[in-house]
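> how does the following fold in three dimensions:
(one chain, ligands or ions: 2)
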Amino acid sequence: MGEVYAIASQKGGVGKTTTAISLGAELTRRGNKVLLVDVDAQGSLTASLGYTEPDSMSTTLATVLEKVVNEMRFEPKKFGILHHAEGFDLMPGNIELAGLEVSLVNAWSREMVLAKYVGQVKRYYDYVILDCMPSLSLMTLNAFSAADRVIIPVQAAYLSLKGLEQLIKTIGKVKRNLNTRLGIAGILITMLDERTRYAREIVELLQNTYGDNLRVFDTRIPYSIRAAEATAEGVSIFTHDPKGKVAAAYRELAGEVVSYE
Ligand code: ATP
Ligand code: MG
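Numbering: from 1, shown residues only. Ligands and ions are numbered 1, 2, ... in the order given. Sure thing, here's the model as predicted:
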């Protein structure tokens, strides 16, 4: 049975999608079978992996979840799953997820629809990685209901303790009410400008606020224009700039994540 990770933060542009791709690519490189799931109506994960017009795709996560809601049969191992050249699989997402989310509001077990799908598909993988949208929406609650662990990327320079507090509370509520397996893997400092002292101050602040209950990964992801270039090329950082500092950091992160399982 695969481990399921949700990459989440209600703050936009903190490196969730980049982390999902990079972690997925490195876990694949280590010999694991990995599925990346685009749980964001923006479809950035899908677009960042080379499917540059997600909204024109006919079969996506929205199609799959609609089938789950309507209790229609489909082959979870194959239906809608794409294979990326770097060896991992992708369940794409697009704008239709927004429409589906609205229709879910009155559905039975509306927070558990994604969990039902992931529950069927995870037996074929070692890791399933859910890339969440930047909000605590019903889709994100679905991701928390489906996940074993959450990785929370934060950009040190723009840390919002209030936002983090709200996110942690929500994860706690999901754990108590919907998914007892759920835990927080850790907070990941991203896009770090090494010339500033933010990272150390942030770690201290987080530890003073949350004690040792909340792990901050030792690995910090440095800022590099190479990361943005990889996104534009539809590949992971390991293909675009394998010897660079961002690739090195994500390699280290994968090691850290696996060691805490
Ligand atoms: P959203 O909230 O919109 O889903 P996100 O949290 O998923 O955003 P990303 O899309 O991963 O964030 O990153 C935002 C932008 O920053 C992208 O253009 C990406 O290429 C770039 N980026 C990601 N990581 C880094 C990094 N370490 N250094 C520099 N740029 C980065
Ligand atoms: Mg994203």
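> what is the least confident helix or strand in this protein?
Within the chain, no helix or strand scores below helix 198-210, which has a mean of 81 by mean pLDDT, DSSP states H and E.
> just the CA atoms of it, as PDB, please.
This file holds the C-alpha atoms of helix 198-210, laid out as PDB (Å, rounded to 0.1, in the frame of the first residue of the first chain):
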ATOM      1  CA  TYR A 198      15.200  34.400   7.900                       C
ATOM      2  CA  ALA A 199      15.400  30.600   8.000                       C
ATOM      3  CA  ARG A 200      17.000  30.400  11.500                       C
ATOM      4  CA  GLU A 201      14.700  33.000  12.900                       C
ATOM      5  CA  ILE A 202      11.700  31.200  11.400                       C
ATOM      6  CA  VAL A 203      12.700  27.800  12.800                       C
ATOM      7  CA  GLU A 204      13.100  29.400  16.200                       C
ATOM      8  CA  LEU A 205       9.800  31.200  16.000                       C
ATOM      9  CA  LEU A 206       8.000  28.000  14.900                       C
ATOM     10  CA  GLN A 207       9.700  26.000  17.700                       C
ATOM     11  CA  ASN A 208       8.800  28.600  20.300                       C
ATOM     12  CA  THR A 209       5.200  28.600  19.100                       C
ATOM     13  CA  TYR A 210       4.600  24.900  18.500                       C
END
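> which parts of the one helix or strand Leu141 maps to are buried?
Applying DSSP states H and E as the criterion places Leu141 in helix 138-146. If you call a residue buried by 16 or more other CB atoms under 10 Å, then helix 138-146 has these buried ones: Leu138, Met139, Thr140, Leu141, Asn142, Ala143, Phe144, Ser145, Ala146. Any C-beta I mention is one placed from the backbone N, CA and C, and that applies to glycine too.
> doesn't Leu100 make contact with the first one?
No. Using CB atoms under 8 Å, Leu138 makes no contact with Leu100, being 9.6 Å away.
> for Asp131, which three-state class applies?
Classification of Asp131 by DSSP: H, G, I helix; E, B strand; the rest coil places it in strand.
> and the strands in this protein?
Applying DSSP state E to the chain gives strands spanning 3-7, 34-39, 82-83, 89-91, 127-132, 149-155, 183-192, 216-222.
> make CSV out of those and add mean neighbour count and mean pLDDT.
Output for the strands of the chain, formatted as CSV (neighbours: other CB atoms under 10 Å; pLDDT from 0 to 100):
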stretch, mean neighbour count, mean pLDDT
strand 3-7, 26, 98
strand 34-39, 27, 98
strand 82-83, 13, 98
strand 89-91, 23, 98
strand 127-132, 27, 98
strand 149-155, 23, 96
strand 183-192, 22, 94
strand 216-222, 19, 93
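> reformat those as a markdown table; add distance to ligand 2.
Shown next, in a markdown table, are the strands of the chain (distance: least, CB to the ion, whole Å):
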| stretch | distance to ligand 2 |
| --- | --- |
| strand 3-7 | 8 |
| strand 34-39 | 9 |
| strand 82-83 | 18 |
| strand 89-91 | 14 |
| strand 127-132 | 6 |
| strand 149-155 | 10 |
| strand 183-192 | 12 |
| strand 216-222 | 14 |
